[in-house]
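>>> Need the 3D shape of this:
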Amino acid sequence: MLCPKVWDLKAPQNHNEIARWSKPEIPLTISSHYYNHSVSVVAPRKRKLPVDIIDCILEDSEYYKVEGLPVSQIVDKEFVEAFVKKGELTLLSINTRIDLENCICVTPEGQLVLSLGVEDYQRLGIEGKQSYFDRSRSSRFVVQVDLREDTFTPGKKNYERVKKCLEENLEGLFDVIFIWEPSEKNVCPSSAAAWFHQKGYKVSLCRPKYSEILECDCRIPSVGSECDYERFLEWLGIFSIGGDVTNEDPENYVNSYISPSPNAPRGDLLHAQWTGLFSRKKLEKIYKEIENHVSHSSWVSLHVQGFADSPVSWGLKEHSFHTDGDNNYTIVFQETGEKLINKSLSSNNKPRNVQ
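Numbering: from 1, shown residues only. Got it, this is the predicted structure:
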């Protein structure tokens, strides 16, 4: 996937970046955001989404939960060879608070990331780095292990040291959710769940939860050359969280977020949301499906919200709930084929171009 060279809009100072995308490739914004918690689609003049979009979101959308998992089990030789190196594993600890407790994840690229309190880090014995968000107190550290590295195989010094440290020095068990997408089409995605079950862990099948909001006869903004994109995205965000987009009372706070000019004729506005765990591959498919249907509407938006307590937000950029809990992006598809992309950046880096 190629990164566009020219951007029409400069990034604001609040760690959001707005850009217009006209390339046929899928933006790298999607492939670098691994832990997708909710997927929202806003469609003007619709009471129901096209069946193809709904089917795309729901098809193979199941994920699994494993309870009481030690981190050492993730580096098991059989598990790494079968599931980390032969497909994309998206795994994340749940019911843990990134600012107070140990959290773990495995990225689709095969990186095991541990966000640890200082006592557990010092006891672990694997080299890491101090948390960017906790530099003044030195109470949190981040450890990364490349599970796909050539030297990370049984018998090699690196593998044996990591495995021993995780088995003997890291206390605590984790509840995790995960998706495994095999490299080969003839392999069942549930094989990883079956592997955990055979090892004696409690494994549960999970499905996304659905909700929707339908606003009738409201003002709908047009998205074109005269559109104020920042105001449009603010308005879109208010609707997505259930705000009153029809209110035109100048004394009301929400009035500042009413439909920005220019406006199209009034009509219905549908917000559909699915909440669960979605892989980056699933988002790439959703992106393509919406792109195929946008010609039937003036615009359609896709909003993706990440998990608040994931150790990383974008790629391997460290994540912190209090300073950067809002890791998300919005893509607005226009009938012209151009897309508007708004990305909420990690606070531990200076704003850069959206990819």
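
>>> what about the helices in the stretch 101-250 of the chain?
Per DSSP state H, counting those that start in this stretch, the stretch 101-250 of the chain carries helices over the ranges 118-124, 157-169, 191-198, 229-240.

>>> Go through the second one and flag the buried ones.
By neighbour count, with 16 or more other CB atoms under 10 Å as the criterion, the buried positions of helix 157-169 are 159, 162-163, 165-166. (C-beta placed from N, C-alpha, C; glycine too.)

>>> Mean confidence (pLDDT) on it, please.
Helix 157-169 shows an average pLDDT of 96 in the prediction.

>>> Does that helix pack against any helices or strands, and if so which?
Here helix 157-169 touches helix 118-124, going by 3 or more CB pairs under 8 Å, 6 or more residues apart in numbering; DSSP states H and E.

>>> For the helix it packs on, which outside residues touch it?
Residues outside helix 118-124 that contact it (CB atoms under 8 Å, 6 or more residues apart in numbering): 102, 114, 116, 128, 138-141, 143, 165-166, 169-172.

>>> pretty sure Val39 is in contact with Trp274, am I right?
Yes - using CB atoms under 8 Å, Val39 makes contact with Trp274 at a distance of 5.0 Å.

>>> what is in contact with these two at once?
57, 208.

>>> where does the nearest residue to Ser298 once chain neighbours are set aside land on pLDDT?
Spatially, and ignoring its direct neighbours in sequence, Ser298 is nearest to Glu335 (5.6 Å; CB to CB, 6 or more residues apart in numbering). As predicted, Glu335 sits at a pLDDT of 86.

>>> Is Glu335 in contact with Glu291, as I believe?
No - using CB under 8 Å, Glu335 makes no contact with Glu291, being 11.0 Å away.

>>> neighbour-wise, which of the two wins?
Glu291 (17 against 14; other CB atoms under 10 Å).

>>> So the more buried one belongs to a strand, correct?
No - Glu291: not assigned to a strand; according to DSSP: H, G, I helix; E, B strand; the rest coil it is helix.

>>> any idea what sits nearest it, other than its immediate chain neighbours?
Glu291 sits nearest to Phe333 (CB to CB, 6+ apart), 6.1 Å away.

>>> Then Gly110?
Residue nearest to Gly110 in three dimensions, not counting chain neighbours: Arg148, with 3.7 Å by CB to CB, 6+ apart.

>>> What of Lys85?
Nearest non-adjacent residue to Lys85, counting by CB to CB, 6+ apart: Arg148, 5.7 Å away.

>>> Just the pLDDT for that neighbour.
97.

>>> How about Val143?
For Val143, pLDDT reads 97.

>>> Let me see the contact set for it.
113-114, 116, 121, 124, 126-128.

>>> Check Leu277 too.
35-37, 63, 90, 92, 177-179, 206.

>>> Quick one: buried ones out of the residues you listed?
Looks like those have 35-37, 63, 90, 92, 177-179 buried, using 16+ other CB under 10 Å.

>>> Now do the helices in the stretch 251-355 of the chain.
280-293, 321-324.

>>> export those helices to a markdown table and tack on distance to Cys227 and mean pLDDT?
As requested, the helices of the stretch 251-355 of the chain are exported to a markdown table (distance: least, CB to CB, whole Å; pLDDT from 0 to 100):
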| stretch | distance to Cys227 | mean pLDDT |
| --- | --- | --- |
| helix 280-293 | 19 | 95 |
| helix 321-324 | 28 | 52 |
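
>>> out of these, which comes closest to Arg97?
The closest of those to Arg97 is helix 321-324. By CB to CB, the value is 7.1 Å.

>>> May I see the contacts of Leu277 arranged in CSV, with pLDDT as well?
Shown next, in CSV, are the contacts of Leu277 (pLDDT from 0 to 100):
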residue, pLDDT
Tyr35, 96
Asn36, 97
His37, 96
Tyr63, 98
Thr90, 98
Leu92, 98
Ile177, 98
Phe178, 98
Ile179, 98
Cys206, 98
